[in-house]
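In: pasting the structure only:
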Ligand SMILES: CC/C=C\C=C\CC(=O)SCCNC(=O)CCNC(=O)[C@H](O)C(C)(C)COP(=O)(O)OP(=O)(O)OC[C@H]1O[C@@H](n2cnc3c(N)ncnc32)[C@H](O)[C@@H]1OP(=O)(O)O
């Protein structure tokens with residue numbers, strides 16, 4: 001903190017001095033190094049996916065689109081694997097600062113590909129020892145869980161845009177994202193009980209912490225009724241309801257762009273702090289932030305941002321990738 005704020009003061013003074021000397025741009029060059037280039041996320045290492053498409057929605061904003069349209073984006077093994085893979089890669093890609101996750105304009109996803117459930121059923125049917133079957137199933141469930149947990153672990157905030165249906169594992173996935181928007185006509189269904197399962201890839205853990213009402217959580221999870229867009233908005237499952245898919249996408253991208261314009265250090269630390277806060281007491285969360293910020297307050301981003309505000313700069317400062 002000391003280092004960051006000291007830098008801010010030094011920069012601040014030098015700007016005043018340089019302004020008098022009429023070379024303010026030099027100050028900007030020193031304070032806001034611009035080493036940034038636009039990245040096309042559709043190239044390697046993101047170019048070889050089958051069930052998802054990865055693209056650049058804007059500078060520093062990756063767009064991940066679920067893409068098995070003939071099956072309403074049902075999640076087969078490939079898609080589960082690719083979701084895990086892409087969010088792990090985006091997590092450590094310094095040129096990605098935020099992500100927009102979307103599906104098709106008529107469907108986000110119809111949940112797990114039912115053939116995966118059949119395959120899991122076959123494990124139980126086969127001859128062989130029950131303990132070994134149990135461990136095989138446990139491993140499969142853990143692999144599916146890891147896909148969505150990779151989204152939560154990805155330090156880059158994820159803005160999820162849902163149009164049309166979002167069923168079963170789609171809700172588990174949605175619940176692992178950070179900002180959720182939908183368009184008119186979207187609907188959500190926690191369908192697992194209807195297919196003879198208890199949801200096991202995140203809905204039961206994350207949904208109660210997203211929507212305040214326990215009664216509504218039980219209602220949705222036990223009746224499997226379809227939650228319409230307007231009710232999803234009023235219960236807080238989504239924070240914005242847009243009139244159509246195009247406006248939804250434009251709004252989600254605009255939000256992701258704003259996030260990408262901020263200090264990546266501050267943004268990523270904020271996501272870490274919020275995910276931690278969800279699962280800990282206030283006291284534990286405050287201690288966690290002491291430890292996190294005793295490092296991060298020393299970032300040059302803090303000096304840069306503070307100086308820009310103090311000097312009432314018209315242009316937003318730029319920050320190095322992270
Ligand atoms: C360890 C376990 C981990 C995770 C568990 C997750 C649990 C879940 O996800 S539960 C939810 C499972 N999903 C479903 O039950 C949805 C099943 N599908 C439907 O109910 C309907 O298809 C629909 C989504 C409501 C859409 O209906 P409709 O508009 O009439 O279109 P269809 O003709 O039915 O579908 C078009 C095409 O897509 C195929 N498809 C749709 N969803 C799935 C799916 N989940 N799995 C596999 N295939 C799916 C459907 O069969 C059609 O394909 P065709 O080849 O054209 O027949």
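Out: Sure, I can see it. This structure is a prediction, so every number in the text was calculated from the model and none was measured.
In: Domain parsing of the protein, as residue ranges.
Out: 2-31+262-310, 52-261 (automatic domain parsing).
In: so of those domains, which one's packed in deepest?
Out: Mean neighbour count, computed with mean count of other CB atoms under 10 Å, is highest for domain 52-261 among the domains of the chain, reaching a mean of 19. To be clear about C-beta, it is placed using only N, CA and C from the backbone, and glycine gets the same treatment.
In: Can you check which of the domains of the chain gets nearest to the ligand?
Out: With distances scored as CB to the nearest ligand atom, the stretch of the domains of the chain nearest to the ligand is domain 52-261 (2.3 Å).
In: hey, least reliable of the domains of the chain by pLDDT?
Out: Mean pLDDT is lowest for domain 2-31+262-310 among the domains of the chain, at a mean of 71.
In: How about the residues of the stretch 201-322 of the chain by the ligand?
Out: Within the stretch 201-322 of the chain, the positions near the ligand by CB under 6 Å from any ligand atom are residue 201.
In: Would you map the strands across the stretch 201-322 of the chain?
Out: Assigned by DSSP state E, counting those that start in this stretch, the strands in the stretch 201-322 of the chain fall at 227-228, 240-242.
In: same for the last one, what does it pack against?
Out: It refers to strand 240-242. Judged by 3 or more CB pairs under 8 Å, 6 or more residues apart in numbering; DSSP states H and E, strand 240-242 is in contact with strand 179-183, helix 229-235, helix 245-261.
In: okay if I get these as JSON lines plus distance to residue 105?
Out: Putting those into JSON lines (distance: least, CB to CB, whole Å) gives the following:
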{"stretch": "strand 179-183", "distance to residue 105": "8"}
{"stretch": "helix 229-235", "distance to residue 105": "14"}
{"stretch": "helix 245-261", "distance to residue 105": "4"}
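In: Residue 69 is nearest to which of those?
Out: Closest approach to residue 69 among those is made by helix 245-261 (13.9 Å; CB to CB).
In: quick one: that closest one to strand 179-183, angle?
Out: Counting by axes from the mean of the first three to the mean of the last three CA atoms, to 10 degrees, helix 245-261 lies at 160 degrees to strand 179-183.
In: Please name every helix or strand in contact with helix 245-261.
Out: Packed next to helix 245-261, using 3+ CB pairs under 8 Å, 6+ apart, are strand 52-58, strand 61-66, strand 98-102, strand 158-162, strand 179-183, strand 240-242.
In: Dump those to CSV, plus distance to residue 88.
Out: Output for the helices and strands packed on helix 245-261, formatted as CSV (distance: least, CB to CB, whole Å):
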stretch, distance to residue 88
strand 52-58, 13
strand 61-66, 12
strand 98-102, 12
strand 158-162, 13
strand 179-183, 20
strand 240-242, 28
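In: ranges for the helices of the stretch 201-322 of the chain?
Out: 203-210, 214-223, 229-235, 245-261, 264-278, 282-296, 300-310 (DSSP state H, counting those that start in this stretch).
In: residue contacts, residue 219?
Out: Residue 219 is in contact with residue 225, counting by CB atoms under 8 Å, 6 or more residues apart in numbering.
In: repeat for the one 3 residues further on
Out: With contacts taken as CB under 8 Å, 6+ apart, residue 222 has the following neighbours: residue 193.
In: Residue 204 and residue 154, how far apart?
Out: 22 Å (CB to CB, to the nearest Å).
In: Quick one: check stretch 143-161 for contact with the ligand.
Out: Yes. Counting by CB under 6 Å from any ligand atom, the ligand has neighbours in stretch 143-161: residue 144.
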